[in-house]
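A.B. asks: Build me a model:
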Amino acid sequence: MFYSNLTSAIKNKDIPTANKVIMSEVGDSIVNDRENFIEVLRSSNIHIEDGASDSDIVHSFIGELPTNDDLMVNTSYYVNHKNSDLNFDGSRDIDGLGVKACHKAMRMNFNGYSNAGGWGDFANTLAQTGSGIYQDIKNKKNYVSDTISKQKEAKKEVVNKVLEQRQAQVDAKNKQMLDKQKTQRTMLIVGGVGIIILLGLAIYKINK
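C.D. replies: Have a look, this model is predicted:
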């Protein structure tokens, strides 16, 4: 799903959507792969405590992302590793094109086309290697993003995914509790029936 959504956005030259796809992965990771994502932040020279809240992690990530290229690179590598196929020996093959695509999508989203390091040339190079998903991405227009606006958009996507995953955890826990209660009720019913049968047999023998 990640690669198909990212590919679709890139084919349509839709950088904001490509960035949303990446931010959604980040939000999921904050909830479901917290320790590894915290390491992504730390490896990007961002101080974060082990017991940091969801809000603290989101704030640190979004606040640094537009100006911290190490964070963009590490995030790109991380989300691609997270979505890569697991080999028989337990290793994972990282898609180099996917890492570069994520990195450039974030740079273009936050810093504009003029600072993106030649996205059009990059796309053409990939197309020549047989990767058709990047064809026709040749737009080199001068585009400068409003960083604050982009941060708000990115934060919204990350927060929405965090809330979605937290709700999923609550729903799963509630379902587990309901299933446990159903099992206990079933056991009580079965146990009750067993007692009735035994009492019936005892009465039958006495009367006999």
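
A.B. asks: Okay, buried residues for stretch 151-169 please.
C.D. replies: The neighbour-count check on stretch 151-169 (16 or more other Cβ atoms under 10 Å) flags 151, 153-155, 157-159, 161-162, 165 as buried. All C-beta atoms are positioned from the backbone trio N, CA, C, and that covers glycine.

A.B. asks: now swap in stretch 33-51 and tell me
C.D. replies: Under 16+ other Cβ under 10 Å, the buried positions of stretch 33-51 are 37-38, 40-41, 44, 46, 48.

A.B. asks: Using JSON lines, lay out the residues you listed together with distance to Lys11, secondary structure and pLDDT.
C.D. replies: What follows is the buried residues of stretch 33-51, written out as JSON lines (distance: Cβ to Cβ, whole Å; DSSP: H, G, I helix; E, B strand; the rest coil; pLDDT from 0 to 100):
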{"residue": "Phe37", "distance to Lys11": "28", "secondary structure": "helix", "pLDDT": "95"}
{"residue": "Ile38", "distance to Lys11": "33", "secondary structure": "helix", "pLDDT": "95"}
{"residue": "Val40", "distance to Lys11": "27", "secondary structure": "helix", "pLDDT": "95"}
{"residue": "Leu41", "distance to Lys11": "31", "secondary structure": "helix", "pLDDT": "96"}
{"residue": "Ser44", "distance to Lys11": "29", "secondary structure": "coil", "pLDDT": "95"}
{"residue": "Ile46", "distance to Lys11": "32", "secondary structure": "coil", "pLDDT": "96"}
{"residue": "Ile48", "distance to Lys11": "35", "secondary structure": "coil", "pLDDT": "94"}
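
A.B. asks: between the buried residues of stretch 151-169, which is closest to Leu71?
C.D. replies: Within the set of those, Ala154 lies nearest Leu71; the separation is 12.0 Å, counting by Cβ to Cβ.

A.B. asks: Next up, the contacts around that closest one.
C.D. replies: Residues in contact with Ala154 (Cβ atoms under 8 Å, 6 or more residues apart in numbering) are 19-20, 23, 62, 65, 109.

A.B. asks: in what helix or strand does it lie?
C.D. replies: Ala154 is part of helix 147-207 when elements are defined by DSSP states H and E.

A.B. asks: before we move on, the earlier item: which one among the contacts of Ala154 sits at the bottom for pLDDT?
C.D. replies: Model confidence across the contacts of Ala154 bottoms out at Asn109, which has 90.

A.B. asks: For that residue, give me its contacts.
C.D. replies: Contacts of Asn109 were listed using Cβ under 8 Å, 6+ apart, and they are 15-16, 18-19, 145, 150, 154.

A.B. asks: Secondary structure added to those residues, as JSON lines?
C.D. replies: Rendered in JSON lines, the data for these read as follows (DSSP: H, G, I helix; E, B strand; the rest coil):
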{"residue": "Ile15", "secondary structure": "helix"}
{"residue": "Pro16", "secondary structure": "helix"}
{"residue": "Ala18", "secondary structure": "helix"}
{"residue": "Asn19", "secondary structure": "helix"}
{"residue": "Ser145", "secondary structure": "coil"}
{"residue": "Lys150", "secondary structure": "helix"}
{"residue": "Ala154", "secondary structure": "helix"}
